[in-house]
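# From the sequence below, what's the structure:
(one chain, ligands or ions: 1)
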Amino acid sequence: MNILLVNDDGILAPGLAALHEAVRELGTVSVVAPDSPQSAAARSITLHVPMVCQQVHVDGRFWGTGVGGRPADCVKLAVRELLGQRPDLVLSGINAGANVGVNIFYSGTVAAAAEGALLGIPSVAFSLQGGGEMDFRRAAGHCRWVLQRLLEGVLQPGELVNVNIPMLGGPRPCGVKVVPQSTAAITESYSRKDGPDGQAVFQLREHFDYGPEQSETDVTALEEGYITVTPLKSDLTDRLRMGHYSGVRWGNPPS
Ligand code: MN
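Got it, this is the predicted structure:
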């Protein structure tokens, strides 16, 4: 099995090295990852400027390609140009910090996996909840365990799965829950320090609160200490509303 390993925290991030160590016996692992941290890059890609690629020795153990681009660029470039063979599986992570709720929309980790899925390759994003000791080696063991179950028949070509590992310690993780993404808005804030010439300068604060939940979601299950598994899809079309919009008397466009 040919595995493409990517992330958004950059090719030297400890979560990537830990995931590499955990999955390298499952197949041939190729690493193509951004040469700098790209968290919250979402699905952005690099246009109009060339992307420099260089071989990077990671963790004293393996070589990867560092790309001067975004997480989604790495997957496109790997599949179209860099890899001799099309990967059978795209793995993204392990991200430093959870990717649940609306943060999935901003996540470069999930975006890289989504790119793989768009290209028809089964793809899994892995993230470790922050706030505790970031034991990526232990988290990677859980990731491999989840991955092996996904590979036992459920994960199909072109499918995207988002996996979060809860903060580790004590009884955590206390199990696995397959849960939907929460779309409750988060509460966040900006700090303001105006510039010397009176410009307004804002910076998004790192702390945010998830919104109240009406039912069980990836946010609530992760908070309870479960490994969360959420199948995602790239099809954003709201098929239920198609009929309403088709029912508008559109007539002919003005000439
Ligand atoms: Mn990240």
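# Give the burial count for the closest residue to residue 98 other than its chain neighbours, as a bare number.
Computed as C-beta to C-beta, 6 or more residues apart in numbering, the closest residue to residue 98 that is not its neighbour in sequence is residue 129, at 4.3 Å. Any C-beta I mention is one placed from the backbone N, CA and C, and that applies to glycine too. The number of residues packed around residue 129, counting by other C-beta atoms under 10 Å, is 24.
# I'd say residue 96 and residue 128 touch.
Yes: the pair residue 96 and residue 128 passes the contact test of C-beta atoms under 8 Å, sitting 6.6 Å apart.
# Return the set of buried residues in stretch 174-191.
Across stretch 174-191, burial judged by 16 or more other C-beta atoms under 10 Å covers 176, 177, 179, 181, 182.
# number of nearby residues for the closest residue to the ion within the chain?
Scanning the chain for the residue nearest the ion gives residue 39, at 3.3 Å (criterion: C-beta to the ion). Close neighbours of residue 39, defined as other C-beta under 10 Å, add up to 20.
# give me every residue that touches it.
Contacts for residue 39 (C-beta atoms under 8 Å, 6 or more residues apart in numbering) come out as 8, 9, 95, 97, 107, 108, 109.
# end-to-end on stretch 47-63?
The first and last residues of stretch 47-63 sit 26 Å apart, counting by C-alpha to C-alpha, to the nearest Å.
# so for it, what's the average pLDDT?
For stretch 47-63, the mean pLDDT works out to 97.
# Pull up the residues of the stretch 51-200 of the chain that are close to the ion.
Of all the residues in the stretch 51-200 of the chain, those in contact range of the ion (C-beta under 5 Å from the ion) are residue 95.
# All the strands of the stretch 51-200 of the chain, in order from the start?
53-58, 62-67, 89-96, 123-128, 160-165, 176-178, 190-192 (DSSP state E, counting those that start in this stretch).
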